[in-house]
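Visitor: give me coordinates for this.
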Amino acid sequence: MNIMGSREKHSAKYIIEAKFVVEGVVEKHDVIGAIFGQTEGLFPKNFELRELQRSGKIGRIDIELKSAKDRTEGKIVAPSSLDRAETAIIAAAMETVDRVGPCEAKVSVVQISDVRFDKREQIMKRAKELMRDWVVTETQDIEKLLAEVSKEDKTVKAVTYGREKLTATPNLSKAKEILIVEGRADVNNLLKSGYTDIIALEGVKVPRTIINLVKRKKETTAFLDGDRGGDLILKELTQVAQTKYVARAPWGKEVEDLNPAEIRAALAARVPFAETGSAKPAEAKPARAARPARAARPARVAKPARVAKVDPKDAEMLKELAEVAKGLKGTLEAVLVKKDGGKIDEVPVMELVERLRTEADVETVVFDGIVTGRLVDVAVERGIATLVGERLAEGVRVPRGFRVRVFKDLK
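Guide: Residues are numbered from 1 along each chain as shown. Predicted coordinates for the structure are as follows:
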């Protein structure tokens, strides 16, 4: 029997390795038949080995064996693209095999290895080799390279630009794409994070220099604070100078306070100016107090968003979600579940919003992260019924008919 094909190697996440001893002489097909036959009926049909192999969730099972003195010993290798809990269950099921043909047998799982871990080890090893070759090829040691980079970094300082003497980076007139921020501190913070071609508005009113730049440059992005001031500037830009894109800092934060990772995330989430209704900060604004109907009547404060109550008939579903959530804690990953209950894929939380915009047939999303207003908006737009996260961001409004659950309530 051949070892699993290249396609199965590529898709497998885990490898189950087991050893077996049979008191008699048997062939490979006898061992395979025993594994499939004696695990049949232990679980629902869609979780049986034949069905899992048919759907590609369990790859081709490889058997190695040798016989001597009326005794057969060997090794079983089974690739799995299931999650960790499901893979462990399949491995445990293999150990229940106690006969191969007419002969007594014993199967013991040796290990379950993570293919992705092995890949990371290979990447690390190769990266070290590339770094070593790079240094040798360039005939420069790392200290000299760092000194050159640091020297170049110190030469980049903010200057003034245009008749309003706006804070900007050098050579802005030659730039093909520019970032428009609110103030000098924003420019300096982006410079420290390695960005160039930046100019500041220096106020809520859009200067003539900025208006001219927006008209002249094909690629312009307004990178605004996640506060009321950013909203006002966006409204002003709508009237006098619509940039090509708009990016926002997370709600309650200013661009000058963002670290490099937050800056990258905000710019990666930028949207065309025409879609600025969705160009909101990373978390929705807190709910405002409702306006009073009369001067004598006090304002009614809007109630905070509440997680949907548990319906008794959903107990089984909640139990399954709890198992998935337990396996995700600390991974920063998300699981997409289809309407029929099958799992579509696992994705990193940082890629979740973009994945949901393109994925069809998603019923439920379980992820190790915070349920934000932006994520709720995308889920509702895509027809997703339920979001399950580690916690719910403060002030997020949950639309009627849409369900949000948090890990601590899945019991």
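
Visitor: give me every residue that touches Glu256.
Guide: 183, 185-186, 188-189 (Cβ atoms under 8 Å, 6 or more residues apart in numbering). In short, each C-beta sits where N, CA and C put it, glycine included.

Visitor: count the neighbours of His340 for me.
Guide: For the record, residue 340 is Asp, not His. 8 (other Cβ atoms under 10 Å).

Visitor: now it, what are its backbone angles?
Guide: Here is the backbone geometry of Asp340 (degrees, to the nearest 10): phi -90, psi 10.

Visitor: same thing with the one 3 residues further on?
Guide: Backbone dihedrals for Lys343, given as degrees, to the nearest 10, come out at phi -80, psi 130.

Visitor: and the strands in the stretch 51-200 of the chain, which stretches?
Guide: 62-67, 72-80, 99-100, 103-114, 159-161, 166-168, 177-181, 198-200 (DSSP state E, counting those that start in this stretch).

Visitor: ok, Cys103 touching Val26?
Guide: Yes - using Cβ atoms under 8 Å, Cys103 is in contact with Val26, at 6.2 Å.

Visitor: domains of the protein?
Guide: 10-114, 156-275, 312-409 (automatic domain parsing).

Visitor: tell me where the stretch 101-250 of the chain is predicted with low confidence.
Guide: Residue ranges of the stretch 101-250 of the chain with pLDDT under 70: 135-156.

Visitor: could you identify which of the contacts of Glu256 has the most neighbours?
Guide: Ranking the contacts of Glu256 using other Cβ under 10 Å puts Asp186 first, with 25 neighbours.

Visitor: re the thing from before, make JSON lines out of the strands of the stretch 51-200 of the chain and add distance to Phe36 and mean neighbour count.
Guide: Listed next are the strands of the stretch 51-200 of the chain as JSON lines, based on distance: least, Cβ to Cβ, whole Å; neighbours: other Cβ atoms under 10 Å:
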{"stretch": "strand 62-67", "distance to Phe36": "12", "mean neighbour count": "15"}
{"stretch": "strand 72-80", "distance to Phe36": "11", "mean neighbour count": "20"}
{"stretch": "strand 99-100", "distance to Phe36": "12", "mean neighbour count": "21"}
{"stretch": "strand 103-114", "distance to Phe36": "13", "mean neighbour count": "15"}
{"stretch": "strand 159-161", "distance to Phe36": "73", "mean neighbour count": "15"}
{"stretch": "strand 166-168", "distance to Phe36": "69", "mean neighbour count": "23"}
{"stretch": "strand 177-181", "distance to Phe36": "59", "mean neighbour count": "23"}
{"stretch": "strand 198-200", "distance to Phe36": "63", "mean neighbour count": "24"}
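
Visitor: which one in the chain is furthest away from the centre?
Guide: Within the chain, Lys69 marks the point farthest from the mean C-alpha position, 54.3 Å out by Cα atoms, centre = their mean.

Visitor: distance of it relative to Glu23?
Guide: According to Cβ to Cβ, to the nearest Å, Lys69 and Glu23 sit 11 Å apart.

Visitor: what does Arg264 give?
Guide: Distance, Arg264 to Glu23, using Cβ to Cβ: 61 Å.

Visitor: which residue is the nearest non-sequential neighbour of Ala322?
Guide: Nearest residue to Ala322, sequence neighbours excluded (Cβ to Cβ, 6 or more residues apart in numbering): Leu410, at 3.8 Å.

Visitor: the one you found touches Leu328, doesn't it?
Guide: No - with contact defined as Cβ under 8 Å, Leu410 does not reach Leu328; the gap is 11.3 Å.

Visitor: look at those two and report which has more neighbours.
Guide: Legend: neighbour count by other Cβ under 10 Å for Leu410 and Leu328, higher for Leu328 (23 against 19).

Visitor: pull the number of nearby residues for the nearest residue to that one once chain neighbours are set aside.
Guide: In this structure, Leu328 finds its nearest non-sequential neighbour in Asp368, 4.4 Å apart by Cβ to Cβ, 6+ apart. Using other Cβ under 10 Å, Asp368 has 19 neighbouring residues.

Visitor: per-residue confidence for Asp368?
Guide: Looking at Asp368, its pLDDT stands at 88.

Visitor: over to it: give its phi and psi.
Guide: phi -90, psi 80.

Visitor: if I pick it, what's in contact with it?
Guide: So Asp368 contacts 328-334, 349, 389-390 (Cβ under 8 Å, 6+ apart).

Visitor: what's the PyMOL line that selects buried ones from those residues?
Guide: Buried subset of the contacts of Asp368, written as a PyMOL selection, criterion 16 or more other Cβ atoms under 10 Å:
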select buried, resi 328+333+334+349+389+390
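
Visitor: list just the nearest of the contacts of Asp368 to Lys176.
Guide: Proximity of the contacts of Asp368 to Lys176 was ranked by Cβ to Cβ; the top entry is Val349 with 32.6 Å.

Visitor: excluding its backbone neighbours, what's nearest the closest one?
Guide: Closest to Val349 by Cβ to Cβ, 6+ apart is Gly369, at 4.3 Å.

Visitor: am I right that the one you found is in contact with Glu351?
Guide: No - taking contacts as Cβ under 8 Å, Gly369 lies outside contact range of Glu351: 11.3 Å.

Visitor: now the helices for the stretch 151-300 of the chain?
Guide: Using DSSP state H, counting those that start in this stretch, the helices of the stretch 151-300 of the chain run over 184-192, 208-216, 228-240, 260-268.

Visitor: could you dump the ones you listed into JSON lines and include distance to Glu51?
Guide: Listed next are the helices of the stretch 151-300 of the chain as JSON lines, based on distance: least, Cβ to Cβ, whole Å:
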{"stretch": "helix 184-192", "distance to Glu51": "53"}
{"stretch": "helix 208-216", "distance to Glu51": "58"}
{"stretch": "helix 228-240", "distance to Glu51": "53"}
{"stretch": "helix 260-268", "distance to Glu51": "39"}
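
Visitor: would you mind finding the most buried of these?
Guide: helix 184-192 (a mean of 19; mean count of other Cβ atoms under 10 Å).

Visitor: ok, now which ones touch the residue nearest to Val349?
Guide: Contacts for Gly369 (Cβ under 8 Å, 6+ apart) come out as 332, 334, 349, 352, 389-390.

Visitor: could you identify the most distant pair in these?
Guide: Leu352 and Glu390 (12.9 Å).

Visitor: can you pull the residues that touch both of the two?
Guide: Joint contacts of Leu352 and Glu390 (Cβ under 8 Å, 6+ apart) are 367, 369.
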